[in-house]
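# Build me a model:
(one chain, ligands or ions: 1)
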Amino acid sequence: MMQADVKAAAIENFQENRDGFVVELNKLSEGQTGGRWVPQIQTYLRKIFYTLSMWTLIREGSEKEGNCFEERCNNLMVLIEEISDSVRVILSTNADLMTTIEDPVLMKLFGMLSMQVGSLTLHGLSDEDTEAVESAKMVEREQRRWELKLFEEDDERRNYLRMIWARLYYKVHDCPCRQCCDFYLPTEEPTPSPPLPDLPEEEYYSSTTSSSSEED
Ligand SMILES: [Zn+2]
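Residues are numbered from 1 along each chain as shown. Now for the predicted structure:
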């Protein structure tokens, strides 16, 4: 059990902490590490992980707006661990990328994570949490973009991102919150995201997505 005063403080600071994560994850998605090297990026992801873990406890015994919040946190925790592994694998094979991230897959992963963390809200039954509503709308636009992208045109990287996104895009059946009830679906088709830029080398990436192709 979490102490009442700890819980109250966590609820009070919830939006500020969440929005702080969004700012940092957005920077990472633009390739800016803020001077962090791989271990520090992983430490930062750990910090988000532990915060999400704490967030799964803060609604205990209090009124809940929807029932998906804790499940969304748990789902994100699993994916953050996987993304943290990808950071280590992708960046450690590219020593020259230690202070900026240039890998388009990794940048995209951080962008996806940012909108999902940003859409977490304690006010699921209203539009009161405006930042979360904006993130939730971004999530739905991103989902729509994936629906419009043809599977058969996926390369290895896009297929990997599609699989990660499918797990990030999370709704709970029977949850009455606005996100689970599709309140934020786009009203017009979103502009497609640009194609992934060519990679300088192809070999290093394959190690993160499959264990099969080692023939070179
Ligand atoms: Zn919900």
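# Please work out how many residues are found near Lys27.
Residues within reach of Lys27, counting by other Cβ atoms under 10 Å, total 16. C-beta coordinates here come from the backbone N, C-alpha and C atoms, glycine included.
# residues touching it, list them.
Neighbouring residues of Lys27 by Cβ atoms under 8 Å, 6 or more residues apart in numbering: Thr33, Gly34.
# switch to numbering from 41
Sure thing, new numbering starts at 41, so read that last one as Lys67.
# State the helix or strand in which it lies.
Using DSSP states H and E, Lys67 sits in helix 54-69.
# any idea which helix or strand comes after that helix?
According to DSSP H and E, the helix or strand after helix 54-69 is helix 78-95.
# Go ahead and name everything in contact with that next one.
The contact list for helix 78-95 (Cβ under 8 Å, 6+ apart) reads 42, 50, 54, 57, 61, 64, 68, 73, 76, 109-110, 113-114, 116-117, 120-121, 123-124, 127-128, 131-132, 138, 157, 160.
# cutoff 7 Å now
Applying Cβ atoms under 7 Å, 6 or more residues apart in numbering, the contact partners of helix 78-95 are 50, 57, 61, 64, 73, 76, 113, 116-117, 120-121, 123-124, 127-128, 131-132, 138, 157.
# Using PDB, write down the CA coordinates of the helix holding Lys67.
Taking C-alpha atoms only, helix 54-69 is exported to PDB below (Å, rounded to 0.1, in the frame of the first residue of the first chain):
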ATOM      1  CA  PHE A  54       1.100  13.600 -12.200                       C
ATOM      2  CA  GLN A  55       0.500  16.000 -15.200                       C
ATOM      3  CA  GLU A  56       3.700  17.900 -14.600                       C
ATOM      4  CA  ASN A  57       5.800  14.700 -14.500                       C
ATOM      5  CA  ARG A  58       4.000  13.300 -17.500                       C
ATOM      6  CA  ASP A  59       4.500  16.400 -19.600                       C
ATOM      7  CA  GLY A  60       8.100  16.500 -18.600                       C
ATOM      8  CA  PHE A  61       8.600  13.000 -20.000                       C
ATOM      9  CA  VAL A  62       6.800  14.100 -23.200                       C
ATOM     10  CA  VAL A  63       9.300  17.000 -23.600                       C
ATOM     11  CA  GLU A  64      12.300  14.700 -23.100                       C
ATOM     12  CA  LEU A  65      11.000  11.900 -25.300                       C
ATOM     13  CA  ASN A  66      10.200  14.400 -28.100                       C
ATOM     14  CA  LYS A  67      13.800  15.700 -27.900                       C
ATOM     15  CA  LEU A  68      15.000  12.100 -28.200                       C
ATOM     16  CA  SER A  69      12.700  11.500 -31.100                       C
END
